[in-house]
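Q: Requesting a structural model of the entry that follows:
(2 chains)
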Amino acid sequence: MGRTIPAPRPVIEAEIRRLMKVASALKDPEDREVAKKLLRCAYRAVDAYRFVPLSDPLEAVLIGVMICLARERPWRGTS
Amino acid sequence: MEGYLIDASPTTEGTELVLATDHGLARVRARIRYSAHVLTRPDPRILAEQIMSSEDSIEASVEEMLASPDYRVRVRVLMLASDDLETLTRVVHRLEASGVGREVNRVHRLAVALKMNNAPPGSLVRVESGRISPLEDVDDPLYETPSIRYVKVTALAWHGPAMLSDRVVGAMIRCDKEEFVVRPDEVVEGVRYCRPHVVIARFEDRVLIPGLDSDEWVVMEHPLAGSMEGVIEWSRISGLPLPEAAVAPIGKVLTTAEAAEAMRRGYILDPSIPRIEGWRTVGELAAADLAGGGRVPEPGTYWGLAQLDFNSLYPSIIVKHNLSAETVGVACWGGTVPEGGIHPVCTDKEGVVPSVLRKLIWRRAMQKDAGLVRRADAVKWLLVAAFGYLGYRNSLFGSIQAYENVTSIARHTLLKAEAVAEKMGYRVIHSIVDSIFIQPASPSAPQPEEVAAEIERVTGLSIRVESRYVWLTIPAIKDGLRGAANKYFGLTAEGQVKVKGLAMIRRDTPKFVKDAQSEALAILASARNPGEYKEALASVSAVFAKKASLLLNNKVPLTDLVITKRSSLTPRRVLQAFAAARAGLVGGVVKYVMTPAGPLPVTHVKEGVRIDKVYYLSLLHSAAREVGVDSFTPPRKGLVAEYNALTNYLG
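A: This next block holds a predicted model:
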């Protein structure tokens, strides 16, 4: 079988691990905790990329983080 | 002479057939018509005339066939046929060597000839006046089970099945419903007692047991098809003799079946004309080059789940959407992109792959309905491999584009199935490739069978309720952030424990760890509600603690610590490389115990060998984590140092 594109999950997980290091390096302990919690949420979006091609691993992390934030404080929108 | 055809081999005086009869093996000669197709530079009609005038035993003619790779253009091909395979091969070689022709349709000549004679191995035939004729409908999947008697022989060493450099202590013989162990010098007599037509043995057994290779029976390897019935099924489908079908890679069985279908249609099989993918952008490649769909599940224990499985999803998609190398991404009238697909598909004629798979799917369904499980399982492996072969560019009908269409449609189908389940009041807990695990979100949710029926209606693909679970646990992977996609265990409504991906069912897990996990699951199986499950987990923890204690106190038998791993080296190659054989790399299998100095092959293990307890404790610890036990009680005083070493090892 001739697949050449790497599977999305390991790519996204590598990005999360990289960003975790950034989170660990933050000065404020509360910031560190919040950042890590949000990054853990990034996993929420990982499996969507088994159905849709991944253009950038950071995109998956951002979508996961946005979902978490929206769930914690539901966005009501404007009409 | 009548009997079941087991083996066949071309000789200079016709083809020797080996038949299983009531009285034992019979060897008879028959005239089998072999054929060869040659693409020629000069007009094939002139060559045909020349060959006919110079070679008495060869029949030469000209056929119009469809040229690869798209099978839309007709060309003239020189067709040679003879009962004498040696002469036929010589003439073909002469044509190739002189540069006037190139052989095409170069497939297993014997298998194709037997298939074309409607006398594939495994079927009942009559040989009369040198002619072979079928005595049953060879396409009937519900054929009477052939009365081919067989016996399994395994040479034994202290740790189980012997390897080439082992001292043989006996042999296990299994025939019909009998099973007995004999001394090394009694093996041949023991085999004779069973009166077999076929002896199933490993290469090692044939080397280690003198007299096992005999004309009294046909010796063959343990069948990859899983059973004697399975190998008979593969032989009937492909035309390969039983000993060859037993060791043939699935792809060979499938390719031979596809080749027979292609030749029936008058297709030219020409591997020198490759199927080349069109140019595409990186974005297009990224969009197409995705594997099967699936979720990253949340780890945990879920109650009241149902598992819905599509029936032969990939083969069904291939058949439904006519996905084959010569139908996808090629020029034709009326080609359209199927729903969920990526590349256009020609639908003006059925592709070879869908045609072969359609018959296999039907065959398997009939066999499953009739309770012929082993046959159905053998066909299942062919169906599973069919998808992989479609994506293998070097296979006869391989095409990356066809393969991409299959995975794309499968992902689309899985999303549709999830949407249907959610719409009908279910939560999707997990889904992977062709399975979805659903849990009712409200008490008013319909039965899972109704969900399956609706999914089938919406997707047009058959799906069934595979299992209903009292509970299902998805373990977390090491970092604990997500659940393992391919590991789970659960208690079905029928009271069975179903396990996927855990250490206890992996081949390379030592018995000691397998036993611990099996005991753990037996305890968890008693839980019928979350409270009981929690209590059971505490008992499970004690099981692992007890096993750890046995290990640290040297009370685990050495045989339970042997680790078996597959090696890509075949026994023959290893025999040639004796140094590797000394290292225990034999039989395509590596068996060793782990010592502080590293792996030690079982052939070098002596009594009192020091084992690496930390290593085995780490395996035990991983197995415990898989079933939800993160830590187990440290062992008694005096063993703390080793236990601490384990803790350090695990970080």
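Q: going forward, measure contacts between C-alpha atoms and count neighbours the same way
A: Noted.
Q: How much space separates B:Val191 from B:Gly501?
A: Per Cα to Cα, to the nearest Å, B:Val191 is found 38 Å from B:Gly501.
Q: same thing with B:Met263?
A: From B:Met263 across to B:Gly501, the span is 41 Å (Cα to Cα).
Q: hang on, the earlier thing: pick out whichever of B:Val191 and B:Gly501 has more residues nearby.
A: B:Val191 (20 against 14; other Cα atoms under 10 Å in any protein chain shown).
Q: neighbours around residue 31, how many?
A: Picked chain A for this. A:Asp31 - counted by other Cα under 10 Å - has 14 other residues nearby.
Q: Actually, chain B is the one I wanted.
A: 18.
Q: so what's it up against?
A: By Cα atoms under 8 Å, 6 or more residues apart in numbering or on different chains, the contact set of B:Arg31 is B:14-15, B:83, B:130-132.
Q: Which pLDDT value does the model give it?
A: pLDDT for B:Arg31: 91.
Q: Which of the three states applies to the residue nearest the centre of chain B?
A: Closest to where the C-alpha atoms of chain B average out (Cα atoms, centre = their mean) is B:Trp381, at 4.6 Å. Look at B:Trp381: counting by DSSP: H, G, I helix; E, B strand; the rest coil, its state is helix.
Q: what's the distance between it and B:Cys175?
A: 26 Å.
Q: now do B:Lys423
A: Noted for B:Lys423: a distance of 54 Å to B:Cys175, by Cα to Cα.
Q: neighbour count winner among the two?
A: Ranked by neighbour count (other Cα under 10 Å), B:Lys423 and B:Cys175 place B:Cys175 first, with 19 against 12.
Q: Show me what from chain A comes close to chain B.
A: Applying Cα under 8 Å from any Cα of the partner chain, one finds that chain A approaches chain B through A:1-5, A:7, A:40, A:43, A:46-48, A:50-54.
Q: from the residues you listed, which ones fall inside strands?
A: Of the residues of chain A next to chain B, none are assigned to strands by DSSP state E.
Q: Weed out the non-buried ones from these.
A: Listed as buried from these are A:5, A:7, A:40, A:43, A:46-48, A:50-54; burial here means 16 or more other Cα atoms under 10 Å in any protein chain shown.
Q: got these as CSV, with pLDDT columns?
A: Conversion of these to CSV gives the following (pLDDT from 0 to 100):
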residue, pLDDT
A:Ile5, 75
A:Ala7, 82
A:Arg40, 87
A:Tyr43, 81
A:Val46, 85
A:Asp47, 85
A:Ala48, 90
A:Arg50, 86
A:Phe51, 89
A:Val52, 88
A:Pro53, 87
A:Leu54, 87
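Q: distance of the residue nearest the centre of chain A from chain B?
A: By Cα atoms, centre = their mean, chain A has its centre lying nearest to A:Val61, at 2.1 Å. Per Cα to the nearest Cα, to the nearest Å, A:Val61 is found 14 Å from chain B.
Q: For B:Val151, grab phi and psi.
A: The phi/psi pair for B:Val151 (degrees, to the nearest 10) reads phi -140, psi 140.
Q: Could you report the separation of it from B:Pro510?
A: B:Val151 is 28 Å from B:Pro510, where distance means Cα to Cα.
Q: pLDDT score assigned to B:Ser129?
A: pLDDT, B:Ser129: 89.
Q: Excluding residues flanking it in the chain, which one is nearest it?
A: Excluding the flanking residues, the one nearest B:Ser129 by Cα to Cα, 6 or more residues apart in numbering or on different chains is B:Ala30, at 7.8 Å.
Q: thought the one you found was touching B:Thr15?
A: Yes: using Cα atoms under 8 Å, B:Ala30 is in contact with B:Thr15, at 5.4 Å.
Q: just the strands in the stretch 251-400 of chain B please.
A: With strands called from DSSP state E, counting those that start in this stretch, the stretch 251-400 of chain B shows them at B:300-303, B:306-310.
Q: Nearest to B:Pro241, out of the ones you listed?
A: Nearest to B:Pro241, of all those, is strand B:306-310, at 33.3 Å by Cα to Cα.
Q: Can you give me every residue that contacts B:His222?
A: B:200-202, B:246-247.
Q: How about the contacts made by B:Ile432?
A: For B:Ile432, the contact set (Cα under 8 Å, 6+ apart) comprises B:292-295, B:485.
Q: quick one: which of those is most hemmed in?
A: Within the contacts of B:Ile432, B:Gly293 tops the neighbour count with 25 neighbours, counted by other Cα under 10 Å.
Q: and residue 32, how many residues sit next to it?
A: Picked chain A for this. 17.
Q: Can you look at chain B instead?
A: So B:Ile32, with other Cα under 10 Å, has 22 neighbours.
Q: what ranges of the stretch 551-651 of chain B fall below the confidence cut-off?
A: Applying pLDDT under 70 to the stretch 551-651 of chain B flags the ranges B:567-588, B:633-651.
Q: Please name the residues that touch B:Ala262.
A: B:268-269, B:352.
Q: no no, B:Ala421
A: Here B:Ala421 is in contact with B:427-428, B:438, B:451, B:455 (criterion: Cα under 8 Å, 6+ apart).
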